[in-house]
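Next come a sequence and a model predicted from it.
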Amino acid sequence: MPKTIKRYSDAFRREVVAEYEAGGTISQLQKKYGITGGQTIQTWIKKYAREGLRHNLVRIQIADEINRIKELEDQVQELEQALGRVMLEKIKLDSIVEELLAEDKKGIKKNELLSSKGAARKPTNNRELE
């Protein structure tokens, strides 16, 4: 007995994909239209669907994993807040420096280095310039 090969028209494939996009499942469509290939409808969906295959994500976790995720999310939030505070402090310090430079009409000369006491002094050798 010869094997029967089914060929589906483009219009038929698009109709099946449209039903899938309307909420039908692959198994329902296979039964309804007698489509026997396991990957047939999935291939059509990849080719013709607007959004592709629907997947439902089911996450199975133990309690320790859930607690660890919560701890890490809390830690991320704390770090983001700390970063925000540091950025505000940097902006504040930058504005203070700008004000001081604006008040000092001369500014700081490139050749002057600050000594440990804060007074400006001239470099004694080329290494201090580096």
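Perfect, thanks for sending it.

And the most centrally placed residue in the chain, how close does it get to Arg13?
In the chain, the centroid-proximal residue (Cα atoms, centre = their mean) is Val76; its distance is 14.5 Å. Val76 sits 46 Å away from Arg13, taking Cβ to Cβ, to the nearest Å as the criterion. Yep, even glycine has a C-beta here, placed from its N, CA and C like the rest.

Tell me the spacing between the residue nearest to the centre of the chain and Ile60.
In this view, Val76 and Ile60 are 23 Å apart by Cβ to Cβ.

May I see the domains of this structure written out as residue ranges?
1-56, 63-107 (automatic domain parsing).

Same list (those) but as JSON lines, adding mean pLDDT.
JSON lines is the format used below for the domains of the chain (pLDDT from 0 to 100):
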{"stretch": "domain 1-56", "mean pLDDT": "86"}
{"stretch": "domain 63-107", "mean pLDDT": "90"}
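
right, so those domains: which one is the most enclosed?
domain 1-56 (a mean of 12; mean count of other Cβ atoms under 10 Å).

what secondary structure does Glu71 sit in?
Applying DSSP: H, G, I helix; E, B strand; the rest coil to Glu71 yields a three-state assignment of helix.

again but with Gly37, I slipped
Going by three-state DSSP: Gly37 is coil.

So it versus Glu99, what's the distance?
75 Å.

same deal with Glu89?
Taking Cβ to Cβ, one finds Glu89 at 16 Å from Glu99.

Likewise for Ala82?
Taking Cβ to Cβ, one finds Ala82 at 26 Å from Glu99.

Could you do Ile41 as well?
Applying Cβ to Cβ to Ile41 and Glu99 gives a distance of 70 Å.

And for Leu93?
11 Å.

Distance-wise, check Ile28 relative to Ile41.
Let me fix one detail, which is that residue 28 is Gln and not Ile. Taken as Cβ to Cβ, the span from Gln28 to Ile41 is 10 Å.
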